[in-house]
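Colleague: Next comes the sequence, and after it the predicted model I'd like to discuss.
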Amino acid sequence: MTSDVHVDHLVIGAGFGGLGAAIKLDEMGERDFLVIEKDGGIGGTWRANSYPGAACDVPSQLYSFSFAPNPDWSASFSPQPEIEAYLNRVAEESGTLDRFRFGTAVVDAAWEEDQQRWRVSLSDGSTVVAKTVIGAAGGLSEPRLPEIEGIDTFAGEIFHSARWNHDVDLTGKRIAVIGTGASAIQIVPQVQKLAAHLDVYQRTAPWVIPRNEHKYTGVEKFAFRHVPLVQKLSRTAIYWGRETYVPAFTRMPKLAFPAKQLALLNIRRGIADPELRAKVTPDYEIGCKRILISNTYYPALASDNVDVVTERIARVTENSIVTADGTERPIDVLIVATGFHTTEQPIAEHVRGKGGQTLAKAWAEQGQVAYKGTTVHGFPNFFQVVGPNTGLGHSSMVFIIESQLAYITDALRTMRSHGHATVEPRADVQAAWNADLQRRMQRTVWNTGGCASWYLDDQGRNTTLWPRSTFVFRQLLSRFDVAAYDVTPSSPSADGADDRKKVSA
Ligand code: N01
C-alpha cells in the first residue's frame, strides 16, 4: 500500500498558463488533475510582481482569456491588482480550485519508463504520480539577481522588483534602482515621488514610446457587458493592429522607423537637458530589446531628485554604491529591477526525462529547444506552456498560451481515442522545427539590432521568441500532429495500481 497520490495530469504553476490548463482539462472531461503552485495563490507573475506602478503593457482586452472576457477593465492597460483579481475571479468561477495546491513547489519530476508515468516529489514531502505533466511555471518567474561585488554586505533594505517589500516606507529615503527594463520604467516614476533622492543605474538605455492610455467610460463598460460583440470587436481590432508590427520585428527593421521617431519625441518631450537626453538615447535598433511604453519615465528621470548613472557599478558597500570612476553614492534602499532567468529555466533542473536526464542537461549544449514550443524529445507526456521560442515582442502571451492549450488538449484527446499511453516528439522532427526557427531568427531585429538582451542565450541563440505572426503559431498548433511523435500503446500495468488514491472523482 502506498500513500502516493495518483492523478491523470499534474500541472505546475497557477498563472495564466496553469489556470488555463486546469480550465481546459476540466472542460474536456479530464477532471482528474492537480495543480501545484509554489506561491500562496493564483496569478503567477501577476501575483508576484506587485511593485508600485506594475501594469500590463499589452492592452487587457487582448491580455485576458478569450473565453473569459472582462467588461470591467478600468483602462486599456490594466494595473496589476486588476489582473490578479481577474485571474482569481476566473479561477473561482471555473470550479477547479479544489484541485489546486498552493504553497508547494515541485522538487523533482522523474519519468518512470517502465511504468510510463511521472513521479513528482513536492516540497511538502509528498509524491504525486501522474500520466502527464503540464509545465506552466512561467518564463519570468525566477528573479535574476545581479552579481555585484559586496551586494551581500548591503545593510539597508534590498529587494528585487518581483519580490517587493511593501513593509518598507520609501518616503524621504535615498534610493537606488538598478536596471532600466520594463519593470524599472514602471517603478522609477512611483519611487521618484517618494524618495529624497533616487539614483537610476542604467547599463543599457531602453527605447520607450508614449503610453496611449484610455480610461474606459461607464458607457463603454456597459456596452462591453451587455453587447459582448462590442468587446469581441475591440479585442479583434487590437489583435490585428498588433500583428501588423510583426514584419518590423522579423524581416524589415526599417519599418520600425515611425516607432523610433515616436520614442525620440518621447525623450525630447520628457527631458529638456541635452546631456540627459543623450544619456537615455539608445544606440541600437528599436525592437532589439522589448519596446517599452511610458509617459512618466522620462519626466521622472528629469526631476531634481533623480540622477541617471551610466558608469559601471564597481561594488556595493554597507550603505552605498561605488561606480568604476570611484564615485560613491550613499543609499538607504536598493531596488534591483534586473530581470529574470529566461534562457535557463529553473524548472529545467527539476524535470528528468528518459534515462534520468534533466531538461537542463538536455538543453546544456543546444540551448533550450522543444517541438512547437510545447513538447520535448526525451520527455514523454511532458507538455510545456510558454516553452522555448514562444515569447512575443509585440502581442499578448495569453494568445500563445491558449494556442498551446488547444494543442495539448487535442494531444490528450488523441491519446485517449487511440489508446496511446505515451507521446514523445521525434528527434528529427524537433531538430527540423528548431533549424527552421533559427534560420528565420537570422533576419529578426532581435538578432541583428546590435543589442544584448534576455532573448538570447549565452551562445547568442534566440531561444525565447516566436519569429512569426501569432496566427501562424495558432494554426500550426491547431491540431495535434501525432505523426510527429513516437507513441506507445497503453499497457495494463501502467494504468496505476489498485491502491490509487484519487484527488477527485
Ligand atoms: O527585466 P529586464 P524586467 N548591472 O531583463 C539591467 C516582462 N514585463 O523585469 O539591458 C546593471 O527587461 C538590464 O540591463 P541590460 C517583459 O517581458 C512585462 O524589467 O541587460 N544592470 C536591464 O536594464 C520584460 O521584458 C511587463 O544592459 C543590470 C534590467 O536590469 C520582462 O518582464 C512589465 C544588471 C533588466 O531588465 C523583464 O522585465 C514588466 C547588472 N548586473 C515586465 N543585470 C508588462 O507590462 C541586469 N541589469 C507586460
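Modeller: Perfect, thanks for sending it.

Colleague: what ranges do the helices span in the stretch 101-250 of the chain?
Modeller: Per DSSP state H, counting those that start in this stretch, the stretch 101-250 of the chain has helices spanning 182-194, 218-226, 228-243, 246-250. These are given in chain order.

Colleague: got the angle for the second one vs helix 228-243?
Modeller: In terms of direction (axes from the mean of the first three to the mean of the last three CA atoms, to 10 degrees), helix 218-226 departs from helix 228-243 by 100 degrees.

Colleague: Could you list every helix and strand that helix 218-226 packs against?
Modeller: helix 228-243 (3 or more CB pairs under 8 Å, 6 or more residues apart in numbering; DSSP states H and E). For glycine as for every other residue, the C-beta is placed from the backbone atoms N, C-alpha and C.

Colleague: How far off centre is the helix it packs on?
Modeller: How far helix 228-243 lies from its chain's middle: 23 Å, per CA atoms, centre = their mean, to the nearest Å.

Colleague: Can you list the neighbours in contact with that helix?
Modeller: For helix 228-243, contacts defined as CB atoms under 8 Å, 6 or more residues apart in numbering pick out 58-59, 61-62, 66, 69, 71, 223-224, 394-396, 399, 469-471.

Colleague: so which of these would you say is closest to G15?
Modeller: For the contacts of helix 228-243, the minimum distance to G15 (CB to CB) is 13.7 Å, reached by S396.

Colleague: ok, the closest one - contacts?
Modeller: V58, L62, Y63, Y239, R242.

Colleague: Kindly indicate the member of those residues with the most neighbours.
Modeller: Neighbour counts for the contacts of S396 peak at Y63, which has 23 neighbours (criterion: other CB atoms under 10 Å).

Colleague: And the protein, what are its domain boundaries?
Modeller: 5-142+341-495, 151-206+245-336 (automatic domain parsing).

Colleague: any idea how far the last one is from the chain center?
Modeller: How far domain 151-206+245-336 lies from its chain's middle: 21 Å, per CA atoms, centre = their mean.

Colleague: ok, now the first one?
Modeller: The chain centre lies 10 Å from the centre of domain 5-142+341-495; the measure is CA atoms, centre = their mean.

Colleague: Now do the helix or strand hosting G20: which elements does it pack against?
Modeller: Counting by DSSP states H and E, the element that carries G20 is helix 16-27. Helix 16-27 is packed against strand 5-12, strand 33-36, helix 80-94, helix 397-418, with contacts defined by 3+ CB pairs under 8 Å, 6+ apart.

Colleague: if I pick whichever residue of the stretch 301-450 of the chain sits closest to the ligand, what's in contact with it?
Modeller: The minimum distance from the stretch 301-450 of the chain to the ligand, using CB to the nearest ligand atom, falls at G339 (2.4 Å). G339 is in contact with L140, P143, R144, G179, G181, S183, W454, counting by CB under 8 Å, 6+ apart.

Colleague: got the residues of the stretch 51-200 of the chain near the ligand?
Modeller: Counting by CB under 6 Å from any ligand atom, the stretch 51-200 of the chain comes close to the ligand at 55-58, 140, 146, 148, 161, 178-184.

Colleague: Can I have the buried ones of these as a PyMOL selection?
Modeller: Of these, the buried ones can be selected in PyMOL as follows, counting by 16 or more other CB atoms under 10 Å:
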select buried, resi 55+56+58+140+146+148+161+178+179+180+181+182+183+184
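
Colleague: which two in the residues of the stretch 51-200 of the chain next to the ligand are spaced the farthest apart?
Modeller: Maximum pairwise distance among these (CB to CB): 31.5 Å, between V58 and I148.

Colleague: Now render the helices of the stretch 101-250 of the chain as CSV, adding mean pLDDT.
Modeller: Shown next, in CSV, are those (pLDDT from 0 to 100):
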stretch, mean pLDDT
helix 182-194, 98
helix 218-226, 96
helix 228-243, 95
helix 246-250, 93
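
Colleague: just those: most buried one?
Modeller: helix 182-194 (a mean of 22; mean count of other CB atoms under 10 Å).

Colleague: H197 pairs with what?
Modeller: Beta bridges link H197 to R174, judged by DSSP bridges.

Colleague: I figured it hits S303, correct?
Modeller: No - here H197 does not reach S303: they are 10.1 Å apart, not a contact under CB atoms under 8 Å.

Colleague: neighbour count winner among the two?
Modeller: Remark: of H197 and S303, H197 carries more neighbours, 18 against 14, as counted by other CB under 10 Å.

Colleague: Relative to R174, how far out is the more buried one?
Modeller: Using CB to CB, to the nearest Å, H197 is found at 5 Å from R174.

Colleague: Max pairwise distance over the contacts of helix 228-243: which two?
Modeller: A223 and S469 (29.1 Å).

Colleague: So which residues of the stretch 251-400 of the chain form helices?
Modeller: Remark: helices assigned in the stretch 251-400 of the chain by DSSP H, counting those that start in this stretch are 257-270, 274-280, 297-301, 359-362, 397-418.

Colleague: count of neighbours near the residue in the stretch 351-500 of the chain positioned nearest to the ligand?
Modeller: Of all residues in the stretch 351-500 of the chain, W454 sits closest to the ligand, at 4.7 Å by CB to the nearest ligand atom. Using other CB under 10 Å, W454 has 18 other residues around it.

Colleague: Test my guess that it contacts L465.
Modeller: No - assessed by CB under 8 Å, W454 is found out of contact with L465, at 10.2 Å.

Colleague: Under the pLDDT cut-off, which ranges of the chain? List them.
Modeller: Where the chain drops to pLDDT under 70, the residues are 1-2, 342-344, 491-505.

Colleague: R443 contacts F249, correct?
Modeller: No - with contact defined as CB under 8 Å, R443 does not count as touching F249 (9.9 Å).

Colleague: got the CA positions of stretch 367-375 in CSV?
Modeller: Coordinates of each C-alpha in stretch 367-375 appear next as CSV, following Å, rounded to 0.1, in the frame of the first residue of the first chain:
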residue,chain,number,x,y,z
GLY,A,367,20.1,25.7,-25.8
GLN,A,368,16.5,25.3,-24.8
VAL,A,369,14.6,23.6,-27.6
ALA,A,370,11.2,21.9,-28.0
TYR,A,371,8.8,20.9,-30.7
LYS,A,372,6.3,23.6,-31.3
GLY,A,373,7.4,25.2,-28.0
THR,A,374,5.4,22.6,-26.2
THR,A,375,6.9,19.0,-26.2
